[in-house]
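[1] Whatever this is, show me its structure:
(one chain, ligands or ions: 2)
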Amino acid sequence: TEIHDTEALRERALATLVTARDRTTLLTDCVDGPDLTAQHSPLMSPLVWDLAHIGSQEEQWLLRAVAGQEAIRPEIDSLYDAFEHPRAERPRLPLLPPEEARRYAAEVRGRALDVLERTAFGGSRLTEAGFAFGMIAQHEQQHDETMLITHQLRRGPRALTAPDPDPVPLFTGPAEVLVPGGPFTMGTSTEPWALDNERPAHRREVAPFFIDTAPVTNAAYQAFIADGGYTDRRWWTAEGWDHVRRNGLGAPLFWRRDGERWLRRRFGVTEAVPPHEPVLHVCWYEADAYARWAGRRLPTEAEWEKAARYDPATGGSTRYPWGDAEPGPEHANLGQRHLRPAPAGSYPAGESPLGVRQLIGDVWEWTASDFLPYPGFRAFPYKEYSEVFFGPGHKVLRGGSFAVDAVACRGTFRNWDLPIRRQIFSGFRTARSAEAV
Ligand code: AVJ
Ligand code: FE
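    Ligands and ions are numbered 1, 2, ... in the order given. Modelled structure (predicted):
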């Protein structure tokens with residue numbers, strides 16, 4: 001098939017590396033020097049750290065591991081090692097200043113493109129189907145999403161603009177969809193650039209369940225708030241209740257009450273909360289409590305993936321809800337093309353065979369599941385990507401947001417975070433079990 005054709009993969013690697021760098025450049029050129037070196041939130045790195053870290057990872061994997069080159073600047077390696085320095089302490093490190101960070105990343109990129117041109121795909125697991133190049137493009141795009149989160153947290157006037165998604169008529173289809181019970185194929189062993197935690201493909205048994213056709217909207221979430229959801233202990237897990245009380249949470253992050261209505265700050269601009277947009281910037285505890293209030297629950301990770309990939313006509317699993325084709329603008333809101341989610345029920349061309357919408361793009365969706373390895377998991381190429389995060393402390397998010405590029409988003413892609421996190425572009429949809437028929 002086309003995706004396994006070496007020259008097509010080489011072209012795709014080049015194109016995705018270029019797309020990623022264009023985005024990185026935009027995100028780091030639209031603010032001035034002090035804004036790049038400042039820490040806008042203790043949860044985030046200074047933007048100039050992300051920039052040099054992108055270069056450093058690219059140097060480590062494409063120049064050193066694939067091409068066997070010597071370190072360009074061995075003395076800076078440890079500064080950009082995410083495990084040596086937690087985010088909170090990064091602004092105090094002797095980081096490369098903006099101009100030097102740009103020059104370093106550009107030098108690495110120039111050499112990496114030479115390596116891409118002359119590397120045979122398939123000499124090793126790292127170069128098989130151009131994996132290392134795809135991995136590095138995904139890594140840069142993940143940091144482009146991280147940098148967009150930093151932009152959202154940053155105070156001050158708007159630095160970024162993008163057109164809004166097209167307005168759509170209010171979605172009037174069914175609120176939920178029945179996903180039949182039975183086994184399906186979860187994960188992948190054939191997607192060339194799938195990361196280690198998405199592998200291998202394996203059969204999963206899933207009982208029949210209903211899942212929301214679209215993500216939960218701001219209007220629906222406001223009803224939870226208006227009903228006293230944040231002050232009613234019944235809806236919360238013990239840890240969730242403790243977290244909400246201690247931190248005085250009463251609405252999604254960036255929301256502010258203005259008399260009868262809710263306002264929200266988005267990339268430097270304050271606006272009324274749009275009722276039909278998927279809710280954004282909620283933590284796992286809030287998503288879980290809302291679902292309980294609604295008489296429902298979060299889908300498990302396996303349920304989410306079955307809703308997104310299972311095709312009842314063939315019994316197989318597709319790469320995306322709409323099939324195997326690469327995401328286009330008609331399928332999903334991805335790639336920071338817009339700086340907000342599209343209204344719930346958008347993208348009919350992106351719906352799954354069962355009729356579930358917006359599984360890919362718009363908002364990351366919290367699932368009920370802990371981040372755990374699949375049976376047969378093997379860390380590759382480094383255990384600090386996912387293995388060290390496996391366990392009950394991290395919850396899985398699926399589907400990608402408007403801030404994710406298509407190269408780092410697919411039906412099998414797994415994201416994870418702590419259940420308290422909500423600076424990320426996180427929303428959710430709900431589910432309920434169906435009786436077997
Ligand atoms: C997969 C989004 C959880 O940002 O911590 C970037 C991605 N890993 N560099 C993160 C990642 C190493 C990772 N997430
Ligand atoms: Fe990283």
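[2] In the stretch 1-150 of the chain, what residue spans correspond to helices?
    6-29, 33-37, 47-58, 98-118, 131-153 (DSSP state H, counting those that start in this stretch).
[3] Check the ones you listed for me and report the most buried one.
    helix 47-58 (a mean of 25; mean count of other C-beta atoms under 10 Å). Backbone N, C-alpha and C define where each C-beta goes, glycine included.
[4] Go ahead and produce CSV holding the CA coordinates of it.
    Only the C-alpha atoms of helix 47-58 are listed here, as CSV (Å, rounded to 0.1, in the frame of the first residue of the first chain):
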residue,chain,number,x,y,z
LEU,A,47,9.1,29.0,25.1
VAL,A,48,12.9,29.3,24.5
TRP,A,49,13.4,26.0,26.4
ASP,A,50,10.9,24.2,24.1
LEU,A,51,12.6,25.6,21.1
ALA,A,52,16.1,24.3,22.0
HIS,A,53,14.7,21.1,23.4
ILE,A,54,13.1,20.4,20.0
GLY,A,55,16.5,20.8,18.4
SER,A,56,18.2,18.8,21.1
GLN,A,57,15.8,15.8,20.6
GLU,A,58,16.3,16.0,16.9
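[5] list the contacts for G345?
    Going by C-beta atoms under 8 Å, 6 or more residues apart in numbering, G345 touches 168, 170-171, 173, 213-214, 276, 357-358.
[6] quick one: secondary structure of P163?
    Look at P163: counting by DSSP: H, G, I helix; E, B strand; the rest coil, its state is coil.
[7] Spatially, what comes nearest to it if we skip its sequence neighbours?
    When the adjacent residues along the chain are set aside, P163 lies closest to H338, with 6.5 Å between them (C-beta to C-beta, 6 or more residues apart in numbering).
[8] Verify the contact between the one you found and T161 for me.
    No. With contact defined as C-beta atoms under 8 Å, H338 and T161 do not form a contacting pair (10.5 Å).
[9] who has more neighbours, these two?
    H338 (19 against 10; other C-beta atoms under 10 Å).
[10] got the contact list for the closest residue to A52 other than its chain neighbours?
    Among residues not flanking A52 along the chain, A101 sits closest, at 4.2 Å (C-beta to C-beta, 6+ apart). By C-beta under 8 Å, 6+ apart, A101 lies in contact with 48, 51-52, 55, 95.
[11] Sketch out the low-pLDDT regions of the stretch 1-150 of the chain for me.
    Counting by pLDDT under 70, the stretch 1-150 of the chain has low-confidence residues at 1-4.
[12] can you list the residues of it near ligand 1?
    Residues of the stretch 1-150 of the chain lying close to ligand 1 by C-beta under 6 Å from any ligand atom are 139, 142-143, 146.
[13] looking at it, E128 is touching T119, isn't it?
    No. The pair E128 / T119 is not scored as a contact, 11.2 Å apart, by C-beta under 8 Å.
[14] out of the two, which sits in the busier spot?
    In this view E128 and T119 are compared by other C-beta under 10 Å, and T119 has more residues nearby, 20 against 13.
[15] Farthest-apart pair in the contacts of A101, please.
    G55 and L95 (12.1 Å; C-beta to C-beta).
[16] In JSON lines, list the contacts of A101 along with distance to E303.
    Converted to JSON lines, the contacts of A101 look like this (distance: C-beta to C-beta, whole Å):
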{"residue": "V48", "distance to E303": "41"}
{"residue": "L51", "distance to E303": "38"}
{"residue": "A52", "distance to E303": "40"}
{"residue": "G55", "distance to E303": "39"}
{"residue": "L95", "distance to E303": "43"}
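[17] Which of these sits closest to R12?
    The shortest gap between R12 and any of those belongs to G55, at 21.5 Å (C-beta to C-beta).
[18] how close does the residue nearest to A52 sit to R256?
    35 Å (C-beta to C-beta, to the nearest Å).
[19] before we move on, what about E100?
    E100 is 39 Å from R256, by C-beta to C-beta.
[20] repeat for V404
    Distance, V404 to R256, using C-beta to C-beta: 27 Å.
[21] same thing with P208?
    For P208, the distance to R256 - C-beta to C-beta - is 41 Å.
[22] same question, R297
    For R297, the distance to R256 - C-beta to C-beta - is 30 Å.
[23] which one of those two has more residues nearby?
    R297 (16 against 12).
[24] Excluding residues flanking it in the chain, which one is nearest that one?
    Using C-beta to C-beta, 6+ apart and skipping the chain neighbours, the partner closest in space to R297 is A291 (5.0 Å).
[25] The one you found belongs to a helix?
    Yes. Under three-state DSSP, A291 sits within a helix.
[26] how about it, what does it touch?
    Contacts of A291 by C-beta under 8 Å, 6+ apart are 297-298, 428, 430-431.
[27] Could you check which residue of this structure lies nearest ligand 1?
    Residue of the chain nearest ligand 1, by C-beta to the nearest ligand atom: Q142 (4.2 Å).
[28] What ranges does the stretch 301-437 of the chain have for its helices?
    Going by DSSP H, counting those that start in this stretch, the stretch 301-437 of the chain shows helices at 301-309.
[29] Might you enumerate the residues of it proximal to ligand 1?
    So far as C-beta under 6 Å from any ligand atom goes, the stretch 301-437 of the chain lies against ligand 1 at 385, 415-416.
[30] How many residues are close by L95?
    That count, for L95 with other C-beta under 10 Å as the rule, works out to 23.
[31] pretty sure it contacts L79?
    Yes. The pair L95 and L79 passes the contact test of C-beta under 8 Å, sitting 6.2 Å apart.
[32] Return every residue with contacts to both of those two.
    Common contacts of L95 and L79, defined by C-beta under 8 Å, 6+ apart, comprise A52.
[33] Pull the contacting residues for the closest residue to E176 other than its chain neighbours.
    Leaving aside its chain neighbours, E176 sits nearest to F210 (4.4 Å; criterion: C-beta to C-beta, 6+ apart). Residues in contact with F210 (C-beta under 8 Å, 6+ apart) are 176-179, 431-434.
[34] and if you look at V108?
    55-56, 58-59, 62-63, 72.
[35] likewise G156?
    35, 268.
[36] tell me the SS of it?
    Recorded secondary structure, G156: coil (three-state DSSP).
[37] Now it: phi and psi?
    When read as degrees, to the nearest 10, the backbone of G156 gives phi 100, psi 170.
[38] pLDDT value on it, please?
    Among the per-residue scores, G156 shows a pLDDT of 90.
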